[in-house]
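Participant: sequence? don't have it. structure:
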């Protein structure tokens, strides 16, 4: 969950290699001094051996030992120890070369008042005052009184020349951007440009300012301007970092990975590229590739704490929990704050951990700056909690950082999501309208404007906006690094068909256990033609489907993951064959259900109703349907019973939250959530009226804007049929599902335990026998509407 703030702080606190200890005059014989005599030992190792590190620092009287402690802490990124040693050394000497870095550390650690007190007690040196001026400008420009403080900062910068002046002005501009004041930032940049051109830091900030003020396209254009490229010069790392920032804002995460991964491989010391590369990898499901890159870099630079923290967090995101624990153990003696940040990421990702509050309290007790923990925990609350109390708490946690987040699209996106999830649309729209215009054009924020358009009933504007958004952002769903599927057998005859034909589209790999049930179910429902992409099945699926008269079969041998989990292939077929038709997009283990279908109403009746109400899509929830336990289901199937009939239970505890992306609902809950402790996205949008401007975004979870039905539908998810253990093992081995199949790994252990008879199977107080769509309606998992309740199929009204 990296964002602009974490990138900035990582840059400011870049780890440096420890310098050898110089000859000293007053090297004491204290435990701290003896520990520092060995340069490879981080300060945190003292605490690991039971010593009170901070008491030892507070009692140290040797300035040389304290200076060495500061160097050691900097070398391992141990900001807490660096602050403690710096505070002790400043108390002994009041040296500006220690006090100014300390004040900056305190400021970025969320203690601006303490930072100001340190600087106020430090006289400005008569000679070489640049360091003091840099700190003074940072604190003044970022203070509680932005007008007065900024004037003071500008006055200090005005007395400087050359590179120092550029660095001072850069700090003022950064403070302007943190407040979202792009006009003030641009005014200062223009003045500097007119006074003799930009130096590199100001050229880079000009691109950032243009990004926030006007948007990614304008920032890219400025990045290519002659004076900007001249100012950046041959600094390939700086050029790559700023371009990555802009392209990420445009949603071109795959392009960022393609640009940064080779650069890091060739120049692994390009430290500023790792965070944007990791963020892009997370956004386009290439975190596994990024983790491999980190492993190679860590082998070359084992002392880099920042690489260790990134790898630990990546391991947590990928579900590699044992590895994450080992890395945490390595991380703690190097940097306690980095340890707590990584531990929070792990606690949030590990299923059923139950340690979140304790981990948060320990991070707070250790003095970890509050912003990173707040963002991590608030994101967790939104994506994996979904309870109103959790969203309220998350909103409260991140609220204090609003004044420091003027250019942070990730912060704005999370805050908007929380407000919308809580039903506070008016507050969300006010926040949206208050963002700088360029920030609203960033890929992660533009959909919120379209959400407000559709909420106001402006469907044409929302639909056209999504078409523009896809063209600007080039998502994997339409622009994957994958070939279109090859046609193996086209059975559909357009000339013999009808515009009222219903089509079904899906991707399959080794689905032989489901084929007979699946085809029979959807043929009964009224599907006229199946368009199926086989992703290299080895179990006879391909041969079986080739024999079916109503299955048009296609082959895609490329990576399922790199195709956006098949959505790139399905979108291609939808645009090629589906335009003008009602189309279902489902998986092989999903059964489409809607209210009143068990009362004699057909899919055709439902489609006629949708057309009458002006809807072009119907959405709802994926509902896990499961047996009491795997053993009884296997016994029932072995005795000649229907293996699907054994799956007859559903959970009642689903939640439905409004969200910004069509179909505008975020669904969580179900058996897999209960088994793994992870509330997966259970939103499904399986039925659309296909048109040339329509596309799925994330498999069949989300799509571009369509007027949606008042009826909520569902997909019964028959995951627990047949040899589920073999299918889970296969998915884990292939690593072609989201985040290296991390959710399959999370599910494997409880499924294995259930198969062995542990835990009493799958039933719980949340389990309800499902007798058909009526049960789902009664539970609120699917929902009818007055219009559909009263629909007269014969009369068409």
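Facilitator: Now that the structure is in, tell me what you want to look at. These figures come from a predicted structure and were not determined experimentally.

Participant: for residue 453, what are its contacts?
Facilitator: 459, 461, 462, 465 (C-beta atoms under 8 Å, 6 or more residues apart in numbering). C-beta here means a position set from N, CA and C on the backbone, and glycine is covered the same way.

Participant: of those, which is the most crowded?
Facilitator: Using other C-beta atoms under 10 Å as the neighbour criterion, residue 462 leads the contacts of residue 453 with 23 neighbours.

Participant: and that one, what element?
Facilitator: Residue 462 belongs to helix 459-473 when assigned by DSSP states H and E.

Participant: list the buried residues for that helix?
Facilitator: By neighbour count on 16 or more other C-beta atoms under 10 Å, the buried set for helix 459-473 is 459, 462, 463, 465, 466, 469, 470, 472, 473.

Participant: now tabulate the residues you listed in TSV and tack on distance to residue 653.
Facilitator: Putting these into TSV (distance: C-beta to C-beta, whole Å) gives the following:
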residue	distance to residue 653
459	33
462	32
463	34
465	35
466	32
469	34
470	35
472	39
473	35
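
Participant: what packs against the helix holding residue 462?
Facilitator: Applying 3 or more C-beta pairs under 8 Å, 6 or more residues apart in numbering; DSSP states H and E, one finds that helix 459-473 contacts helix 446-455.

Participant: quick one: distance of the helix it packs on to the chain centre.
Facilitator: 20 Å (C-alpha atoms, centre = their mean, to the nearest Å).

Participant: for stretch 279-299, same thing?
Facilitator: How far stretch 279-299 lies from its chain's middle: 14 Å, per C-alpha atoms, centre = their mean.

Participant: quick one: contacts for residue 649?
Facilitator: By C-beta under 8 Å, 6+ apart, the residues touching residue 649 are 625, 626, 627, 628, 762, 763, 767, 768, 769, 770.

Participant: quick check: buried residues in stretch 442-462?
Facilitator: 442-454, 459, 462.

Participant: ignore what I typed, I meant stretch 315-331.
Facilitator: 315, 316, 317, 318, 319, 320, 321, 323, 324, 327, 328, 331.

Participant: which one of the residues you listed is nearest residue 203?
Facilitator: residue 317 (34.0 Å; C-beta to C-beta).

Participant: measure the closest one to residue 411 for me?
Facilitator: Distance of residue 317 to residue 411, computed by C-beta to C-beta, to the nearest Å: 20 Å.

Participant: could you do residue 703 as well?
Facilitator: In terms of C-beta to C-beta, residue 703 sits 27 Å off from residue 411.

Participant: who has more neighbours out of those two?
Facilitator: residue 703 (25 against 22).

Participant: you'd agree residue 152 is in a helix?
Facilitator: Yes - with DSSP: H, G, I helix; E, B strand; the rest coil as the criterion, residue 152 is part of a helix.

Participant: so who does it touch?
Facilitator: 136, 140.

Participant: pLDDT at it, what is it?
Facilitator: For residue 152, the pLDDT comes out at 96.

Participant: and for residue 371, the neighbour number?
Facilitator: 23.

Participant: longest strand in this protein, please.
Facilitator: strand 617-626 (DSSP state E).

Participant: now do the buried residues in the helix or strand that that strand is followed by.
Facilitator: Next helix or strand after strand 617-626 toward the C-terminus (DSSP H and E): helix 630-638. For helix 630-638, the neighbour count (16+ other C-beta under 10 Å) marks 630, 633, 634, 637 as buried.

Participant: the last one contacts residue 643, correct?
Facilitator: Just to be clear, that refers to residue 637. Yes - counting by C-beta atoms under 8 Å, residue 643 is a contact partner of residue 637 at 4.0 Å.

Participant: Three-state assignment for residue 762, please.
Facilitator: The three-state label given to residue 762 by three-state DSSP is coil.

Participant: quick one: neighbours of the spatially closest residue to it that is not a sequence neighbour, just the number.
Facilitator: Once flanking residues are discounted, residue 762 sits nearest to residue 626: 5.2 Å by C-beta to C-beta, 6 or more residues apart in numbering. Neighbourhood size, residue 626 [other C-beta under 10 Å]: 29.

Participant: distance of residue 626 from residue 718?
Facilitator: From residue 626 to residue 718 the distance is 8 Å (C-beta to C-beta).

Participant: where do the contact lists of the two overlap?
Facilitator: By C-beta under 8 Å, 6+ apart, the residues touching both residue 626 and residue 718 are residue 647.

Participant: how far does stretch 522-541 stretch from start to finish?
Facilitator: In stretch 522-541, first residue to last residue: 17 Å (C-alpha to C-alpha, to the nearest Å).

Participant: what does stretch 506-525 give?
Facilitator: First residue to last in stretch 506-525 (C-alpha to C-alpha) measures 16 Å.

Participant: show me where the stretch 401-550 of the chain has its strands.
Facilitator: Using DSSP state E, counting those that start in this stretch, the strands of the stretch 401-550 of the chain run over residues 486-489, 502-508, 527-534.

Participant: parallel or antiparallel, which strands does the longest one pair with?
Facilitator: Okay, so that is strand 527-534. Paired with strand 527-534 in the same sheet, following DSSP bridges, are strand 502-508 (parallel), strand 551-555 (parallel).
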